[in-house]
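how does the following fold in three dimensions:
(one chain, ligands or ions: 4)
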Amino acid sequence: RAKGTTDDGYKVFHHQMHTQAVQTLKLETDMRHALDRNEFELHFQPIVHLPSMHISGFEALLRWQHPRRGMVPPLEFIPVAEETGIIVPLGEWVLRTACETLAHLSGLLSPKAGPLTMSVNLSARQFRNKRLADTVESALSMARVPAGSLCLEVTESLVMEDPARTRGILRQMKEIGASIAIDDFGTGYSSLSSLHNYPFDTLKIDQAFVRAMREEHFTARNGRNSIVRTILALAESMGMGVVAEGIETAFQKEALHAMGCAHAQGYLFAKPMAFSSLESFLLDAEDLAFGPFGSNGEQK
Ligand code: C2E
Ligand code: MG
Ligand code: MG
Ligand code: MG
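Residues are numbered from 1 along each chain as shown. Ligands and ions are numbered 1, 2, ... in the order given. This next block holds a predicted model:
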């Protein structure tokens, strides 16, 4: 008999499902208190302008410091926050905190430094919430940051869930003055031809494509890099900016730069960092004309 069709196999499967359900439930109840107990934190990862190697902005990434479990990764708790609806107040907190942080950082920079942007991820349920426009507007006005410095990141799957409605909400966000990025581009099932139906300003190339960029593919003709090239050409033809995600090697950085990719984000430059490290990081980076990064990617 095939595996999994025995009674025992069924029990094992059932037991695992049960354990998982119990864990999810536990996470849910813990999460209800986490906001009040200040267990959530935002970390910030720099986005680098490749031609100048200057920092053009940061992406805000949510962290949950669980009292017993330690750091719970977002891919584990955000789906639960979505299901329970906690993502709505949590997302409001993220938007407010990200805008406040941007105001703080912008105040530190010398006037000659270009304006910084702050990117915030939005999930489907947050996106469908009627209060989203108000939340975005009040986060911006409370922190007194220009709307143009806020970038909202949405994924292809969020967009495809309800294209007509998405278009309406994105237009609202554009009216407020925020910019919109399509995140993890290339991993979803949206058709390339539908891209121009949405007011995206920036396209973020998923890290899977960047990870596939290795030297051997470049020496062999027509390597996988043709995917990255195609995405870059697509973005350019639509007048969209590009950020490549997940840059880990100097080779990837050089190759992307050579292909004309303007912005990049990844461990090579910096991992997402807590607010407490942000200030000195940014000031160090500003001091050095060519940015803080050595060719081996270590922070000098
Ligand atoms: P994302 O928006 O695509 O964020 C980029 C993810 O790639 C982050 O993972 C970041 O830490 C990771 N990353 C950056 N550079 C590198 C690299 O060089 N190598 C590797 N291997 N990874 C890199 P993280 O922080 O675990 O977040 C995972 C996802 O959780 C995010 O993917 C986003 O979809 C979601 N997320 C994070 N914060 C929020 C939030 O505040 N709200 C919502 N709705 N979703 C969030
Ligand atoms: Mg993102
Ligand atoms: Mg991404
Ligand atoms: Mg992602």
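
can you list the residues of the stretch 151-300 of the chain near ligand 1?
Residues of the stretch 151-300 of the chain found near ligand 1 (Cβ under 6 Å from any ligand atom) are 153, 183-184, 207, 245-248, 265-267, 272. Where C-beta positions appear, they are placed from N, C-alpha and C, glycine not excepted.

what distance do you get for residue 267 to residue 68?
Taking Cβ to Cβ, to the nearest Å as the measure, residue 267 falls 28 Å from residue 68.

between the two, who's got more neighbours?
Shown here are residue 267 and residue 68; by other Cβ atoms under 10 Å, residue 267 has more neighbours (13 against 5).

excluding its backbone neighbours, what's nearest that one?
Leaving out its chain neighbours, the residue that sits closest to residue 267 by Cβ to Cβ, 6 or more residues apart in numbering is residue 248, at 5.1 Å.

list the buried ones in stretch 143-159?
143, 145, 147, 149-156, 158-159 (16 or more other Cβ atoms under 10 Å).

which other helices and strands contact the longest helix along the chain?
The single longest helix within the chain, with elements called by DSSP state H, is helix 7-34. The contact analysis (3 or more Cβ pairs under 8 Å, 6 or more residues apart in numbering; DSSP states H and E) places helix 7-34 against strand 54-66, helix 74-84.

which of those sits most buried?
Across these, averaging neighbours per residue (mean count of other Cβ atoms under 10 Å) puts strand 54-66 on top, at a mean of 21.

between that strand and helix 74-84, how many degrees?
Relative orientation of strand 54-66 and helix 74-84, computed by axes from the mean of the first three to the mean of the last three Cα atoms, to 10 degrees: 70 degrees.

is any part of strand 54-66 close to ligand 1?
Yes. Using Cβ under 6 Å from any ligand atom, strand 54-66 reaches ligand 1 at 61-62.

partner strands of that strand, parallel or antiparallel?
Using DSSP bridges, the strands paired with strand 54-66 are strand 40-49 (antiparallel), strand 70-72 (antiparallel), strand 117-121 (parallel).

for the stretch 151-300 of the chain, what spans make up the strands?
Assigned by DSSP state E, counting those that start in this stretch, the stretch 151-300 of the chain shows strands spanning 179-185, 202-205, 241-245, 263-265, 273-274.

so which of those is nearest residue 108?
Residue 108 lies closest to strand 273-274 among those, at 15.0 Å (Cβ to Cβ).

which secondary structure elements does that closest one contact?
Short answer (3+ Cβ pairs under 8 Å, 6+ apart): strand 273-274 packs on strand 40-49.

now do residue 222, the pLDDT please.
We note a pLDDT of 53 for residue 222 in this prediction.

for residue 147, same thing?
If you check residue 147, the pLDDT there is 97.

quick one: it from residue 26, how far?
Taking Cβ to Cβ as the measure, residue 147 falls 39 Å from residue 26.

and residue 208, what does it touch?
Contact partners of residue 208, counting by Cβ atoms under 8 Å, 6 or more residues apart in numbering, are 186-187, 246.

again, only using 7 Å
Shown in contact with residue 208 (Cβ atoms under 7 Å, 6 or more residues apart in numbering): residue 187.

let me know the pLDDT of it.
Note for residue 208: predicted pLDDT of 92.

could you do residue 186 as well?
Per-residue confidence (pLDDT) for residue 186: 85.

spatially nearest residue to it, not counting backbone neighbours?
Nearest non-adjacent residue to residue 186 (Cβ to Cβ, 6+ apart): residue 206, at 5.0 Å.

burial count for the one you found?
Residues near residue 206, counting by other Cβ under 10 Å: 20.

so it sits against residue 187, correct?
Yes. With contact defined as Cβ atoms under 7 Å, residue 206 counts as touching residue 187 (4.8 Å).

what residues are shared contacts of the two?
Residues touching both residue 206 and residue 187 by Cβ under 7 Å, 6+ apart: none at all.

follow-up on the earlier one: including mean pLDDT, could the helices and strands packed on helix 7-34 go into a markdown table?
Converted to a markdown table, the helices and strands packed on helix 7-34 look like this (pLDDT from 0 to 100):
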| stretch | mean pLDDT |
| --- | --- |
| strand 54-66 | 95 |
| helix 74-84 | 93 |
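
quick one, which of the ones you listed is nearest to residue 230?
Within these, the stretch nearest residue 230 is strand 54-66; the backing value is 24.0 Å (Cβ to Cβ).

who's in contact with the closest one?
With Cβ under 7 Å, 6+ apart, strand 54-66 has contacts from 30, 34, 39-49, 71-72, 74, 77, 94, 98, 116-120, 263, 265, 272, 282, 285, 291.
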